[in-house]
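# 3D model of this:
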Amino acid sequence: MSNNKHASLELKEEILGGTGLENVSTQDIFREVIRRFDADPTRDGLEKTPERIEKSMEFLTKGYREDPTAILQDALFEVDYDEMVIVKDIEMYSLCEHHMLPFFGKVHVAYIPNGKVIGLSKMARLVEVFARRLQVQERLTRQIADAIHEAINPQGVGVVIEARHLCMMMRGVEKQNSSTVTSAMVGVFQNQNTRAEFLSLVREQGIGGRV
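I've put the predicted structure just below:
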């Protein structure tokens with residue numbers, strides 16, 4: 001094993017085993033971060049910022065404390081329907097795990113039932129559960145598809161996410177008009193005709209306008 005890899009494993013074990021900060025409050029940790037960059041965390045505009053950040057982060061990462069399986073199992077219905085079900089333009093806000101900056105956009109979800117369907121509102125709840133975590137868009141896309149597949153074993157599932165990343169827009173390359181599109185296709189959605197139908201319906205002008 002190389003020295004670099006060995007050092008990396010030791011660091012990982014040290015962090016997972018404990019950092020020595022376990023008894024330090026989250027607010028004090030954020031206060032120290034502010035001190036390092038601003039030098040005066042006691043001034044008026046920053047005095048209560050650690051408290052606000054803590055509450056904000058609790059909300060933005062609440063998906064870790066929610067069970068996607070339980071959410072879906074609570075709204076499964078037996079229906080004699082075997083055509084495509086699509087819920088599109090689901091608003092999504094998440095935090096990039098690389099820089100902890102937001103990325104946001106729309107999620108389009110489709111599946112072909114195999115005897116069971118999911119309550120429509122639960123699709124948006126499912127997106128929320130996985131989005132409210134430290135994420136990368138590729139993993140988020142796959143997690144949504146896999147959760148639906150595991151819950152109702154449909155003939156197939158398709159998920160497309162279109163998002164803009166502030167880690168590209170406000171830092172780094174600073175490209176303001178770029179967007180990232182990811183997809184996950186399971187079962188019959190891997191068939192070219194089914195995939196094409198899904199993508200065509202996603203791009204159709206509807207109540208919310210063109211995607």
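# report the central residue of the chain.
residue 131 (2.5 Å; C-alpha atoms, centre = their mean).
# so where do the helices sit in this protein?
Under the criterion DSSP state H, the chain contains helices at 3-17, 26-38, 49-60, 68-73, 120-131, 137-152, 166-169, 192-203.
# other SSEs contacting the third one?
Packed against helix 49-60, as judged by 3 or more C-beta pairs under 8 Å, 6 or more residues apart in numbering; DSSP states H and E, are the following elements: helix 26-38. Backbone N, C-alpha and C define where each C-beta goes, glycine included.
# in the helix it packs on, what's buried?
By neighbour count on 16 or more other C-beta atoms under 10 Å, the buried set for helix 26-38 is 27, 30, 31, 34.
# hey, C-alpha coordinates of that helix in PDB?
Taking C-alpha atoms only, helix 26-38 is exported to PDB below (Å, rounded to 0.1, in the frame of the first residue of the first chain):
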ATOM      1  CA  THR A  26     -22.900  22.800  16.100                       C
ATOM      2  CA  GLN A  27     -23.400  26.600  16.600                       C
ATOM      3  CA  ASP A  28     -19.900  26.900  18.100                       C
ATOM      4  CA  ILE A  29     -18.400  25.100  15.100                       C
ATOM      5  CA  PHE A  30     -20.100  27.500  12.700                       C
ATOM      6  CA  ARG A  31     -19.100  30.400  14.900                       C
ATOM      7  CA  GLU A  32     -15.500  29.300  14.600                       C
ATOM      8  CA  VAL A  33     -15.800  29.000  10.800                       C
ATOM      9  CA  ILE A  34     -17.200  32.600  10.700                       C
ATOM     10  CA  ARG A  35     -14.300  33.800  12.900                       C
ATOM     11  CA  ARG A  36     -11.800  32.300  10.500                       C
ATOM     12  CA  PHE A  37     -13.200  34.200   7.500                       C
ATOM     13  CA  ASP A  38     -14.700  37.300   9.100                       C
END
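# thanks a lot, catch you later.
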